[in-house]
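Engineer: Kindly generate the corresponding structure for this input.
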Amino acid sequence: MANFSLRVLVIEDSEDDAELLVYELEKGGYAVIYERVDTPTAMSAALEQQEWDVAIADYSLPRFSAPAALNLLKEKGLDLPFIIVSGTIGEDVAVAAMKAGAHDYLTKGKLARLVPAIERELREAQERRIRRKTEQALRENEERFRSLIENGLDIITVVGSDGKIRYESPSVERVLGYKPEELIDKSIWDYIHCDDINNVINTFTKVIQNPSVAASTEMRFQHKNTDWRILEAISKNFIEPSGVTSIVVNCRDITERKKAEILLQKQAESERLLAAITLRIRQSLNLDEILATTVEEIRQFLQADRVSIYRFDNEPNGTLITASTTPDWTIEEALDLHKNWFIEERTEQNILEIEAINDIERAKLSPKHLELMIQLQIRAKVSVPLLCGKEESSGMRNESQTESNAFFPPSSSPPLPPSSLWGVMVVHQCSSIRQWQQFEIDLLKQLATQVAIAIQQAQLFTKVQQQAEREQLLNQIGRTLNSSLDPQHILQQIVQLTGQCFGVDRVILYSLEAEQIQVLNEWRANEEIPSMLDFKAALSDWLDLLAPASKCNCDKAFHAPNYARLPSKQTRQVQTKQLQTLSVLSVPIFIHEQIFGGISLHTTISPRTFTQDEIHILERIADQATIALYNALNYECLEELVKQRTQELEQAKLAAEAASRAKSEFLANTSHELRTPLNSILGLSQMLIEQFYGPLNPKQLEYMNCIHSSGEHLLSLINDILDLAKVEAGKEDLDLSTIVVPDLCYSCLSIVGERAYKKGLKLTSKIDPQLHFCIADERRLRQMLLNLLSNAIKFTAVGEVSLTACKQPHGISFTVVDTGIGIAPENISSLFQPFCQLDSKLNRKYEGTGLGLALTRRLARLHGGDLSVESQLGKGSKFSIYLPDVPAKAAITPAILGGSGGVGERGSGGVGEGIRLAFNRECRQKSPTKISDLVGDE
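Structural biologist: You can find the predicted model right below:
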């Protein structure tokens with residue numbers, strides 16, 4: 001048997017008796033922890049030190065007793081099993097002890113009952129403790145529930161099976177205004193909205209049939225002030241199971257939440273409506289369709305009886321544009337009254353402001369206005385102005401009257417200015433009064449803005465269309481007038497096209513000469529209209545109308561809407577009576593800044609006021625006529641001028657050709673004259689060098705070599721000049737052939753190799769292994785490469801000179817790179833100019849005329865390629881010749897071959913100067929100082 005720990009407080013004066021009790025308990029399977037006390041003080045101390053499972057006490061002790069110990073436990077509020085174990089005592093004493101609170105009584109001679117008694121009392125003590133905790137929890141829950149019911153926001157209602165209210169929580173007064181006693185024994189159905197009774201009955205039936213189920217519903221309950229409040233109710237059986245006597249209904253007021261939900265829903269719907277109408281406006285230019293759809297959707301959304309849009313016309317009234325109504329409240333009854341209605345509207349309120357009336361009868365309207373509203377069956381209304389932009393003034397728009405014309409037909413009117421009142425949008429509630437919500441008014445205001453945008457958009461589209469038609473018409477007139485150079489034909493076309501354009505009765509074109517007006521051309525809508533052809537009149541008859549102060553003077557135009565009412569003069573009487581002129585619009589035509597005459601529009605059937613746009617268009621037609629007449633009248637002058645200029649150009653061409661021939665002849669003659677003595681010099685010097693006439697001393701041989709080399713150099717310069725001249729004149733033809741590229745490159749390198757060796761320069765080459773052949777003029781290509789290599793060696797003091805040949809995508813490139821003096825960036829623009837060196841100092845240091853690279857570039861371009869350069873001052877230069885696979889064989893003009901960009905030899909002066917400098921420089925360096933040096937020592 002397992003030992004259970006047992007804490008025992010022994011109230012005994014005999015240690016032996018205490019141990020006997022402990023022994024008996026250990027026999028019963030307990031591991032006993034005990035403490036023996038025999039005084040009240042000791043017992044109090046023991047109780048404070050630890051908790052005990054059971055107390056065993058002798059009835060009578062010298063300084064203590066069991067009844068006293070029992071009282072001590074009660075004072076401390078301890079529910080501890082208390083068992084009296086004593087000797088023989090009377091029955092009455094034992095009963096009194098049990099009544100005092102002892103749980104059992106044993107005699108020391110019957111200790112076998114001790115263990116069962118303790119086990120029983122321990123169980124009962126545990127049960128008492130559990131019961132006390134449960135009771136305490138119930139009391140706390142009851143207090144909490146009572147507090148929640150009395151102080152909570154929810155209403156707790158108990159409804160009997162007969163529908164009468166049995167209980168009502170105090171919170172009903174805060175929510176519904178009733179005191180609880182005012183509702184007790186009253187039928188709940190008297191306070192629930194009639195439309196919600198069936199729903200509540202169904203809910204009660206459900207909870208009656210299913211006692212364990214709670215059902216929720218919403219209902220409208222009448223407030224004491226007769227308003228309806230929306231309650232969310234949860235119902236449940238008050239007694240389970242099916243023997244139901246009442247139902248507990250827990251209600252919460254959700255009126256404000258419902259209003260907020262409805263408001264949010266309405267706002268969301270209004271945003272969707274606004275977005276839909278806005279999208280429709282952006283996607284469509286059909287104003288009638290947009291307005292009709294807008295009023296229909298507004299009426300359905302607001303659940304209104306009538307929504308209309310009116311437009312203000314010239315009179316103080318409104319024209320119905322579109323409307324949407326319910327079947328019971330059609331608009332026909334209001335059609336005959338809308339004029340007076342708007343008159344009253346304007347007198348009763350500022351039409352530019354939004355007006356919302358919840359109850360017409362309570363609004364402060366004049367009797368006449370109220371009677372009109374009653375006739376229109378209006379109980380509540382909202383009116384919102386439709387503004388085409390920001391309104392700058394509170395007055396009504398006052399448009400000037402315009403007659404029907406070709407640009408503004410009778411079914412339309414000119415676009416409104418951006419700051420004008422277009423009309424009004426009106427919402428009517430005819431069936432009852434209505435409390436207009438702020439979000440509804442805001443929605444109407446936003447929709448009115450969108451409608452105004454649609455109006456402006458449609459007007460702008462119409463204006464753009466009209467402008468396009470006008471521009472098309474003006475272009476047509478311009479093309480027609482410019483298609484002929486016959487002045488008479490042009491004048492007739494002007495009046496005909498203008499008459500068809502404006503839809504008038506007559507158009508005349510008149511001239512003004514010697515202070516007299518004469519009609520040159522006319523157009524009439526039909527033959528019944530009197531003709532003004534050849535009509536003449538003095539300009540003085542119209543001076544009063546043309547004066548700056550005259551009403552007919554419209555800047556550059558003359559405008560008389562009612563010509564017959566002007567001050568009478570004989571000439572004007574002829575026009576109004578015989579020629580039937582009623583309205584006139586005339587603009588002048590100027591040619592060479594002198595007035596030629598003018599073009600005039602006439603109406604003969606009815607007066608007409610021309611718009612500013614029409615005046616502007618007629619002025620533009622006059623401008624077109626001015627250009628056409630100017631071109632026609634000056635056609636002969638232009639022809640003569642062209643003929644004269646052609647002759648001058650022909651003479652200039654002949655002179656240029658003669659100059660070119662003279663240049664070519666000069667160069668040919670010059671080359672012949674220069675080469676003849678040079679050949680003699682070269683031949684004789686060569687014979688002397690070869691000592692054909694006898695031996696020469698070293699100094700003589702040196703001078704003869706100098707003469708021979710200078711002559712060869714001079715001959716090469718002459719050849720370069722002639723070659724350059726031939727290329728510039730376009731007379732150089734290429735002798736194209738297939739060239740072995742490596743052989744050509746090595747040949748050129750061998751020619752300049754000795755010069756590079758003498759200067760200590762490294763001469764290298766790199767030939768593309770895949771490059772074998774090219775098509776070019778071999779002599780000219782060799783000349784180009786030698787020019788580049790010679791220049792590189794000449795301007796390189798130390799380092800190396802390299803030649804590279806590479807295959808390009810559509811051609812071949814030859815590149816010469818040196819480590820010479822280089823070229824500054826600012827000097828590159830001066831390269832390739834013949835006879836030009838970049839620095840005069842170079843003339844003294846390096847020989848040359850500046851022809852080599854200029855000729856090289858022109859020869860490269862003659863092949864269809866080019867010569868390019870890259871250089872850094874002090875670091876060297878890279879020259880690249882690019883030749884296409886198939887060279888161009890066409891002659892290249894001097895203008896094309898000229899240009900800048902590249903590097904050339906440095907020099908200064910003209911052709912003769914370059915030759916002279918080169919020759920004198922070399923000979924001066926070698927000139928003898930003594931006659932003996934020349935003849936030698938013998």
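Engineer: neighbours of R620, just the number please.
Structural biologist: By other CB atoms under 10 Å, the residues close to R620 number 17. (Each C-beta comes from the backbone N, C-alpha and C, glycine too.)
Engineer: ok but K381 is inside a strand, no?
Structural biologist: Yes - checked against DSSP: H, G, I helix; E, B strand; the rest coil, K381 lies within a strand.
Engineer: Can you name the residues that contact it?
Structural biologist: Under the criterion of CB atoms under 8 Å, 6 or more residues apart in numbering, the neighbours of K381 are E355, A356, I357, I360, M373, V426, V427, H428, Q429.
Engineer: What mean pLDDT does the host helix or strand of the fifth one get?
Structural biologist: It stands for M373. Using DSSP states H and E, M373 sits within helix 367-375. The pLDDT scores in helix 367-375 average 81.
Engineer: buried ones in it?
Structural biologist: Residues of helix 367-375 classed as buried: H369, L370, L372, M373 (neighbour count, 16 or more other CB atoms under 10 Å).
Engineer: so which strand or helix has the residue nearest the centre of the chain?
Structural biologist: The residue lying closest to the centre of the chain (CA atoms, centre = their mean) is R282, at 16.8 Å. Assigned by DSSP H and E, R282 falls within helix 255-283.
Engineer: send the alpha carbons of the first helix or strand past that helix going along the chain over as PDB?
Structural biologist: For helix 255-283, the succeeding helix or strand toward the C-terminus, using DSSP H and E, is helix 287-302. Extracted C-alpha coordinates of helix 287-302, given in PDB (Å, rounded to 0.1, in the frame of the first residue of the first chain):
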ATOM      1  CA  LEU A 287     -23.700  65.800 -75.500                       C
ATOM      2  CA  ASP A 288     -27.400  64.800 -75.900                       C
ATOM      3  CA  GLU A 289     -26.600  61.200 -75.100                       C
ATOM      4  CA  ILE A 290     -24.400  62.200 -72.100                       C
ATOM      5  CA  LEU A 291     -27.100  64.500 -70.600                       C
ATOM      6  CA  ALA A 292     -29.900  62.000 -71.100                       C
ATOM      7  CA  THR A 293     -28.000  59.200 -69.400                       C
ATOM      8  CA  THR A 294     -26.800  61.500 -66.600                       C
ATOM      9  CA  VAL A 295     -30.300  62.600 -65.500                       C
ATOM     10  CA  GLU A 296     -31.600  59.000 -65.700                       C
ATOM     11  CA  GLU A 297     -28.800  57.600 -63.500                       C
ATOM     12  CA  ILE A 298     -29.200  60.500 -61.100                       C
ATOM     13  CA  ARG A 299     -32.900  59.900 -60.700                       C
ATOM     14  CA  GLN A 300     -32.400  56.200 -60.100                       C
ATOM     15  CA  PHE A 301     -29.600  56.700 -57.600                       C
ATOM     16  CA  LEU A 302     -31.400  59.400 -55.600                       C
END
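Engineer: Pairing partners for the next helix or strand after helix 287-302, with directions?
Structural biologist: In the C-terminal direction, the helix or strand that comes right after helix 287-302 (DSSP H and E) is strand 306-312. If you go by DSSP bridges, strand 306-312 pairs up with strand 318-325 (antiparallel), strand 421-429 (antiparallel).
Engineer: Domain ranges for the chain, per the record?
Structural biologist: 4-133, 152-253, 267-397+412-463, 484-633, 729-907 (automatic domain parsing).
Engineer: Lowest mean pLDDT across those domains, which one is that?
Structural biologist: Per-stretch mean pLDDT for these is lowest at domain 267-397+412-463 (a mean of 75).
Engineer: which ones are touching W52?
Structural biologist: Counted by CB under 8 Å, 6+ apart, W52 has contacts R7, V8, L9, A46, L80.
Engineer: meant to ask about Y693, not that
Structural biologist: Y693 neighbours (CB under 8 Å, 6+ apart): M687.
Engineer: per-residue pLDDT, it?
Structural biologist: 80.
Engineer: How many residues are close by K878?
Structural biologist: K878: 17 neighbours (other CB under 10 Å).
Engineer: let me redo that: E135
Structural biologist: 10.
Engineer: secondary structure class for it?
Structural biologist: Here E135 is recorded as helix under three-state DSSP.
Engineer: and the gap between it and R128?
Structural biologist: 10 Å (CB to CB, to the nearest Å).
Engineer: what does K766 give?
Structural biologist: Taking CB to CB, one finds K766 at 117 Å from R128.
Engineer: Backbone dihedrals for L883, both of them.
Structural biologist: Per-residue torsions, L883: phi -120, psi 140 (degrees, to the nearest 10).
Engineer: And for it, the neighbour number?
Structural biologist: Using other CB under 10 Å, L883 has 22 neighbouring residues.
Engineer: Settle this for me: it is touching R861, isn't it.
Structural biologist: No - L883 is not in contact with R861 according to CB atoms under 8 Å; the separation is 10.2 Å.
Engineer: how far does stretch 855-866 sit from the chain's center?
Structural biologist: Distance of stretch 855-866 from the chain centroid (CA atoms, centre = their mean, to the nearest Å) equals 53 Å.
Engineer: Oops, could you answer that again for stretch 319-330 instead?
Structural biologist: 41 Å.
Engineer: got a list of contacts for it?
Structural biologist: 288, 291-292, 295-296, 298-299, 305-313, 331, 335, 338, 377, 423, 428, 430-431.
Engineer: Are any of those buried, and if so which?
Structural biologist: Neighbour counting over the contacts of stretch 319-330 (16+ other CB under 10 Å) leaves 291-292, 295, 298-299, 305-312, 331, 338, 377, 423, 428, 430 as the buried ones.
Engineer: mind checking the longest helix of the protein?
Structural biologist: Ordering each helix of the chain by length in residues (DSSP state H) puts helix 635-689 first.
Engineer: Give the other helices and strands that that helix contacts.
Structural biologist: helix 698-728 (3 or more CB pairs under 8 Å, 6 or more residues apart in numbering; DSSP states H and E).
Engineer: Tell me how far I188 lies from N202.
Structural biologist: Noted for I188: a distance of 14 Å to N202, by CB to CB.
Engineer: Those two: who's more crowded?
Structural biologist: Taking other CB under 10 Å, I188 and N202 do not tie; I188 has more neighbours (20 against 11).
Engineer: Quick check: phi and psi on that one?
Structural biologist: I188 has phi and psi values of phi -70, psi -20 when expressed as degrees, to the nearest 10.
Engineer: From the contact counts, what lies against the strand or helix carrying P67?
Structural biologist: In this assignment (DSSP H and E), P67 forms part of helix 66-76. Counting contacts by 3+ CB pairs under 8 Å, 6+ apart, helix 66-76 packs against helix 40-49, strand 54-57, strand 82-86, helix 91-100.
Engineer: what about D17, neighbour count?
Structural biologist: That count, for D17 with other CB under 10 Å as the rule, works out to 18.
Engineer: Am I right that it falls within a strand?
Structural biologist: No - assigned with three-state DSSP, D17 falls outside any strand and is helix.
Engineer: Please report how far it lies from V10.
Structural biologist: Taking CB to CB, one finds D17 at 8 Å from V10.
Engineer: just R257 next, same as before
Structural biologist: Going from R257 to V10 by CB to CB gives 69 Å.
Engineer: More neighbours: the two, which one.
Structural biologist: V10 (25 against 12).
Engineer: Looks like the more buried one contacts V37 (just checking).
Structural biologist: Yes - counting by CB under 8 Å, V10 does reach V37; the two are 7.3 Å apart.
Engineer: In stretch 816-828, which residues are buried?
Structural biologist: Going by 16+ other CB under 10 Å, stretch 816-828 has these buried residues: V816, V817, D818, T819, G820, I821, G822, I823, N827, I828.
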